[in-house]
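1. quick one, what's the 3D model for this:
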Amino acid sequence: MPDPGLSPSPDAPPFLSALTSVLEAAAREVASATPAVEPPAVEPAAAPAAAPAATAAAPAASELERILRGPSGLGTGGLFLASRLPEPEVRTDPVEGVPVPGLYFHPVPEPDPVRVAEVSRRIKDWAVDEVDLFPDEWEGQFDGFSVGRYMVACHPDAPTVDHLMLATRLMVAENAVDDCYCEDHGGSPVGLGSRLLLAHTALDPLHTTAEYAPGWAESLGSDAPRRAYRSAMQYFTEMATPSQADRFRHDMARLHMGYLAEAAWAEADHVPEVWEYLAMRQFNNFRPCPTITDSVGGYELPADLHALPGTQRVIALAGNATTIVNDLYSYTKELASPGRHLNLPVVISEREGLSDQDGYLKAVEVHNELMHAFEAESAALAAACPAPPLLRFLRGVAAWVDGNHHWHQTNTYRYSLPNFW
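-> Numbering: from 1, shown residues only. Predicted structure coming up:
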């Protein structure tokens with residue numbers, strides 16, 4: 001297929017036009033000084049897809065431009081910000097699911113079915129044979145999660161299935177901790193801090209004396225969440241750099257702190273203020289997933305670029321927006337579960353005296369404002385610091401945001417929308 005060009009479609013949002021202009025300028029500035037590098041081969045091979053109608057064939061481009069664009073082919077369309085649309089396609093096929101009306105998002109192609117099948121096969125083998133993750137009666141729920149489809153949609157630039165598996169194992173391990181320690185499968189706020197601390201040592205190992213090290217090592221196999229964390233992290237550190245691994249550990253500590261805040265409110269039967277809830281959700285959110293987008297992509301965003309305040313703001317906004325997507329799509333599922341589940345629509349309704357419907361619709365507005373801020377800050381950061389690895393990282397995070405919505409919208413096994421329209 002023709003390589004997609006760097007020019008955005010005429011209807012692209014301003015943020016896309018700005019980011020595309022930065023990409024073009026960066027490519028022109030350093031192309032002559034950059035050695036030729038071939039993009040990594042994609043495995044398994046997928047049949048070529050037709051070029052999007054809004055994308056014209058580009059003229060011969062430098063090798064740097066090819067690297068900045070990333071791969072082409074089936075399942076990679078969501079990577080290219082220039083092809084993202086400003087308005088959603090409303091789908092009515094019940095198999096695909098219906099998007100939340102009024103939600104601001106960007107449609108992506110259905111993920112490569114070859115890769116989905118392979119990732120799904122490998123993750124099931126890992127869960128059953130390597131870490132003994134769940135009893136037989138939970139198998140249907142594991143399959144219904146469709147984690148292979150989720151991760152292929154979120155990481156269209158992964159050079160190999162091995163790279164995709166880094167994200168997939170970590171995603172499954174994180175959900176095991178959430179389910180078994182906090183939520184559906186025996187979770188409880190009582191004693192959660194101790195369980196999370198000990199599980200975190202499977203990610204961030206204990207350095208202790210010879211006398212006490214064996215007890216800790218044995219504990220790592222004592223339950224499914226710790227077995228999953230330990231194994232997933234071992235695979236990750238084999239392919240990621242030490243800096244990337246340390247970055248991930250830091251974001252997992254943030255996640256666990258968010259779990260503890262939510263647990264404290266549950267124990268006290270406390271409904272937080274809306275701003276308090278959003279503060280908790282900035283920690284108890286998807287941030288560890290897009291933060292590893294470079295590891296899964298087979299490159300590294302240098303630590304100094306990752307630590308930039310602008311980069312941190314972009315990652316935080318991406319995590320916040322995608323987590324509100326989860327609040328919106330899981331709303332009816334949580335209402336049907338025992339007890340009171342805090343999510344943004346519930347907190348808005350209770351704290352601001354709104355009906356369930358109006359609280360939900362206001363939560364949609366909150367999401368949309370976060371998404372627009374994410375896009376504006378991404379464009380501003382790209383213009384201020386057009387370093388090629390940062391530009392690629394920003395594209396990868398945007399692809400993760402889009403893939404996350406696609407999975408939530410289309411996973412009708414788990415989610416259905418309230419009847420508010």
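2. switch to C-alpha atoms for all contacts and neighbour counts from now on
-> OK.
3. any chance of the backbone angles for Val271?
-> Here is the backbone geometry of Val271 (degrees, to the nearest 10): phi -100, psi 110.
4. which strands and helices sit next to the helix or strand containing Ala399?
-> Element membership for Ala399 (DSSP states H and E) is helix 388-410. If you count contacts as 3 or more C-alpha pairs under 8 Å, 6 or more residues apart in numbering; DSSP states H and E, helix 388-410 packs onto helix 63-69, helix 147-154, helix 293-297, helix 309-329, helix 356-384.
5. helix 388-410 and the last one, what's the angle between them?
-> When axes from the mean of the first three to the mean of the last three C-alpha atoms, to 10 degrees is applied, the directions of helix 356-384 and helix 388-410 differ by 160 degrees.
6. in helix 356-384, what counts as buried?
-> 356-357, 359-364, 367-368, 370-383 (16 or more other C-alpha atoms under 10 Å).
7. what do you get for stretch 109-127?
-> 110-112, 114-116, 119-120, 122-124, 126-127.
8. got TSV for the residues you listed, with distance to Val296 and secondary structure too?
-> Converted to TSV, those look like this (distance: C-alpha to C-alpha, whole Å; DSSP: H, G, I helix; E, B strand; the rest coil):
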residue	distance to Val296	secondary structure
Glu110	19	coil
Pro111	16	coil
Asp112	16	coil
Val114	18	helix
Arg115	14	helix
Val116	15	helix
Val119	13	helix
Ser120	17	helix
Arg122	16	helix
Ile123	16	helix
Lys124	19	helix
Trp126	18	helix
Ala127	20	helix
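9. distance to Val347 and pLDDT added to those residues, as TSV?
-> What follows is these, written out as TSV (distance: C-alpha to C-alpha, whole Å; pLDDT from 0 to 100):
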residue	distance to Val347	pLDDT
Glu110	33	94
Pro111	34	96
Asp112	38	96
Val114	41	97
Arg115	39	98
Val116	36	98
Val119	37	98
Ser120	36	98
Arg122	39	98
Ile123	35	98
Lys124	36	97
Trp126	38	97
Ala127	35	97
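10. out of the residues you listed, which is nearest to Arg414?
-> In terms of C-alpha to C-alpha, no member of these lies closer to Arg414 than Ser120, at 17.1 Å.
11. OK, contacts around the nearest residue to that closest one once chain neighbours are set aside?
-> Among residues not flanking Ser120 along the chain, Gly148 sits closest, at 4.6 Å (C-alpha to C-alpha, 6 or more residues apart in numbering). Each residue near Gly148 by C-alpha atoms under 8 Å, 6 or more residues apart in numbering is listed here: Val116, Ala117, Glu118, Val119, Ser120, Ile123, Thr168.
12. rerun at 6 Å
-> By C-alpha atoms under 6 Å, 6 or more residues apart in numbering, the residues touching Gly148 are Val116, Val119, Ser120.
13. just the pLDDT at it, thanks.
-> If you check Gly148, the pLDDT there is 97.
14. and if you look at Arg66?
-> The per-residue pLDDT reported for Arg66 equals 37.
15. what does Glu183 give?
-> The score at Glu183 is 71. That number is its pLDDT.
16. any idea how far it lies from Pro302?
-> Glu183 sits at a distance of 36 Å from Pro302 (criterion: C-alpha to C-alpha, to the nearest Å).
17. so which helix or strand takes in Leu301?
-> With DSSP H and E as the test, Leu301 turns up in no helix or strand.
18. burial count for it?
-> 22 (other C-alpha atoms under 10 Å).
19. can you give me phi and psi for it?
-> According to degrees, to the nearest 10, Leu301 has phi -80, psi 120.
20. the nearest residue to it once chain neighbours are set aside: how many residues sit nearby?
-> Sequence neighbours aside, Pro389 is the residue nearest to Leu301 in space, at 5.6 Å (criterion: C-alpha to C-alpha, 6+ apart). Neighbour count of Pro389, defined by other C-alpha under 10 Å: 17.
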